[in-house]
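# Whatever this is, show me its structure:
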Amino acid sequence: MTAVTAAALIVPASAHATDALADFLHQQGLVAPPSAALESATTAIPVTPVAASDWSVAEDSELDRPLHSSLVVHALGFLGVPFRLGGNSAEEGFDCSGFVQAAFRQVMGLQLPRIARDQARATESIARSELAPGDLVFFNTLGRRYSHVGIYIGDDRFVHSPRTGARVRIERMDVRFWDTRFNGARRVQATGLRAPSSTSTPTPTAASTQAAALLTQR
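As a prediction, this is how the structure comes out:
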């Protein structure tokens, strides 16, 4: 899949979202194999196809989360979109929290806070062992807690918008760089979150950048 194709691919929510997620990953070969530990955030994990039997996406505890699986499918449709500080659309690019905010708004109709640390405060803390596709994973990349965020996709992998000069991509959480900086797994609950003010479904090119976040996002 080329970067252009990945950036343009926006996968709608499915009535059978768990199956859709597995099919999407298998058919597109979006699962990266285990690799040596990362020494820095500048190295992306190679994206190579794997056999369907090697990817376990839906365990028993995850089968009642079809909307979250749809969220993951949708988020993977943004692979290849470039990083942009303060960006929150496929057209202009994403920073880490803008990527997360856009995915949840478009699929679940929920308006998460714009800044990563506020997204952490607005969501429910869970153990790392409880992570399921669609949960949020947070990292300390700027010398402060919750300074970076991504969406967990299963099998110790997450999708995120990494940094300036990079693009939305999949990486492993158990490599040295991310494992040592991991500082929280959190779950988005529909209750208590503010729905978008617009009644129309936002599109991936809708821009709603907040200038206050420009200096705080990675």
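# For this protein, just list every one of the strands.
Residue ranges of the strands in the chain, as given by DSSP state E, are 88-89, 93-94, 124-126, 136-139, 148-154, 157-160, 169-172, 182-187.
# what ranges of the protein fall below the confidence cut-off?
Counting by pLDDT under 70, the chain has low-confidence residues at 1-64, 190-218.
# ok, 90 please
For the chain, applying pLDDT under 90 flags the ranges 1-69, 189-218.
# what about the helices in it?
Taking DSSP state H, the helices of the chain run over residues 3-8, 17-28, 66-76, 96-108, 116-121, 176-181.
# for the fifth one, packing partners?
Contacts defined by 3 or more C-beta pairs under 8 Å, 6 or more residues apart in numbering; DSSP states H and E place helix 116-121 against helix 96-108, strand 136-139, strand 148-154, strand 182-187. C-betas here are computed from N, CA, C, even on glycine.
# Could you measure from V137 over to A185?
6 Å (C-beta to C-beta, to the nearest Å).
# same deal with S129?
The span separating S129 from A185 equals 9 Å under the rule C-beta to C-beta.
# One more: W178?
When C-beta to C-beta is the yardstick, W178 and A185 sit 13 Å from each other.
# joint contacts of those two?
Jointly contacting W178 and A185 under the rule C-beta atoms under 8 Å, 6 or more residues apart in numbering is no residue at all.
# I'd like to know how far L136 sits from E124.
Per C-beta to C-beta, L136 is found 10 Å from E124.
# Overlap in contacts, those two.
Contacts common to L136 and E124, judged by C-beta under 8 Å, 6+ apart, are R186, R187, V188.
# what's the closest of the residues you listed to F104?
If you rank those by distance to F104 using C-beta to C-beta, V188 comes first, at 6.4 Å.
# Isn't the closest one up against L110?
Yes. Look at V188 against L110 with C-beta atoms under 8 Å: they come within range, at 6.8 Å.
# what do those two both touch?
When contacts are counted by C-beta under 8 Å, 6+ apart, the set common to V188 and L110 consists of F104.
# quick one: buried residues of stretch 129-142?
Within stretch 129-142, the residues scored as buried using 16 or more other C-beta atoms under 10 Å are L131, A132, P133, G134, D135, L136, V137, F138, F139, T141.
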